[in-house]
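Enquirer: Quick one, structure for this:
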Amino acid sequence: MRWIRYSINHQKHYGILEGDRVQQVKGDPFDGYEVEQIFHPLSAVKIEIPVIPKTFYCAGLNYAEHVLEAAKKLGTSPNLPTQADIGYRANNALIAHEETVIIPADATEKIHYEGELVVVIGKTAKHLTMDNALDCVLGYTIGNDVSERTWQKSDRTLWRAKNSDTFKPMGPWIDTNFDPRGATTTVKVNGVVKTVYKTNDMIFDVATFLVAMTRYMTLVPGDVVWMGTDGHSPDLVSGDVVDIEISGLGVLTNPFKRATE
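Expert: You can find the predicted model right below:
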């Protein structure tokens, strides 16, 4: 099943996407819903952020090639993580599929994409085990962890580098049947392939992160966990369009534009 959050006639709804048609529901996939006999062509609705998370978690340095590439650029020895470390991002940075990433006027040229698998939590969870960790997962969506690399080096908390308004595109929907095993993540800039990697080629997989996290914190419906990225990005400029495709899941598309002031 694909859950889509959308707006039409200035009202936001959840719906079930079937092909190019959306069936509206009353309620949502987290607190319960009733299917309504109201249908919309997908082309007639505006796709919204699939969920506004209660807590926005992110995995750090979870793909080996990404760690090695970063170390090479910095001229340092690579330091692969030895445990599943989690961080946080800010909801103010979230935007939907096809909305515009605004590059701050004073940002440097080092604006990079990070195509990521996003886990959407559907049930309250604490003290998970490797056997039941995935039981709390509603489904998956796609994220673009936009980063300003120069700021990333200087901002100790990454507050600008990772959390500037519009820096976290997410969508276009939540797929409850998606399986990361065997999937491929492909990132294109202006239609040209720039990055390709196996989606599930993580240092620590989804279950390992959820087990580690719920030892200390409670996950609740609507939380999201971004699982990190592999490879590297070219410097993005105003006018670029980035497509992040995860095979079997969908495509997240966002244009980039630099602010004038």
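
Enquirer: Distance from the chain centre to stretch 252-261, please.
Expert: A distance of 17 Å separates the centroid of the chain from that of stretch 252-261, by CA atoms, centre = their mean, to the nearest Å.

Enquirer: Let me see the mean pLDDT of it.
Expert: For stretch 252-261, the mean pLDDT works out to 96.

Enquirer: List the buried residues of it.
Expert: Using 16 or more other CB atoms under 10 Å as the burial criterion, the residues of stretch 252-261 that qualify are 252-254, 256, 258. Just so you know, the C-beta spots here come from the backbone N, C-alpha and C atoms, and that holds for glycine as well.

Enquirer: same question, stretch 199-209
Expert: Residues of stretch 199-209 classed as buried: 199-200, 202-209 (neighbour count, 16+ other CB under 10 Å).

Enquirer: re earlier: any chance of the buried residues of stretch 252-261 in JSON lines with secondary structure and distance to residue 28 as columns?
Expert: Output for these, formatted as JSON lines (DSSP: H, G, I helix; E, B strand; the rest coil; distance: CB to CB, whole Å):
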{"residue": "252", "secondary structure": "strand", "distance to residue 28": "21"}
{"residue": "253", "secondary structure": "strand", "distance to residue 28": "24"}
{"residue": "254", "secondary structure": "strand", "distance to residue 28": "24"}
{"residue": "256", "secondary structure": "strand", "distance to residue 28": "31"}
{"residue": "258", "secondary structure": "strand", "distance to residue 28": "36"}
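
Enquirer: Name the next helix or strand downstream of the helix or strand bottoming out on mean pLDDT in the chain, please.
Expert: Lowest on mean pLDDT, DSSP states H and E among the helices and strands of the chain sits helix 64-74, with a mean of 68. Using DSSP states H and E, the helix or strand that directly follows helix 64-74 along the chain is strand 86-88.

Enquirer: That following strand pairs with which strands?
Expert: strand 56-59 (antiparallel) (DSSP bridges).

Enquirer: pLDDT averaged over the partner strand - what is it?
Expert: The average pLDDT for strand 56-59 rounds to 97.

Enquirer: and if you look at stretch 8-26?
Expert: 97.

Enquirer: Please apply the same query to stretch 221-233.
Expert: Mean pLDDT, computed over stretch 221-233, is 95.

Enquirer: Would you indicate which residues of that stretch are buried?
Expert: Neighbour-count burial for stretch 221-233 flags 221-233 (criterion: 16+ other CB under 10 Å).

Enquirer: Just send those back as CSV, with secondary structure too.
Expert: Below are these laid out as CSV (DSSP: H, G, I helix; E, B strand; the rest coil):
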residue, secondary structure
221, coil
222, coil
223, coil
224, strand
225, strand
226, strand
227, coil
228, coil
229, coil
230, coil
231, coil
232, coil
233, coil
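
Enquirer: Residue 138 against residue 120, yeah?
Expert: Yes - assessed by CB atoms under 8 Å, residue 138 is found in contact with residue 120 at 4.8 Å.

Enquirer: Where does the record place the domain boundaries for this structure?
Expert: As assigned by automatic domain parsing, the chain contains the domains 1-47, 49-258.

Enquirer: out of those domains, deepest packed?
Expert: domain 49-258 (a mean of 18; mean count of other CB atoms under 10 Å).
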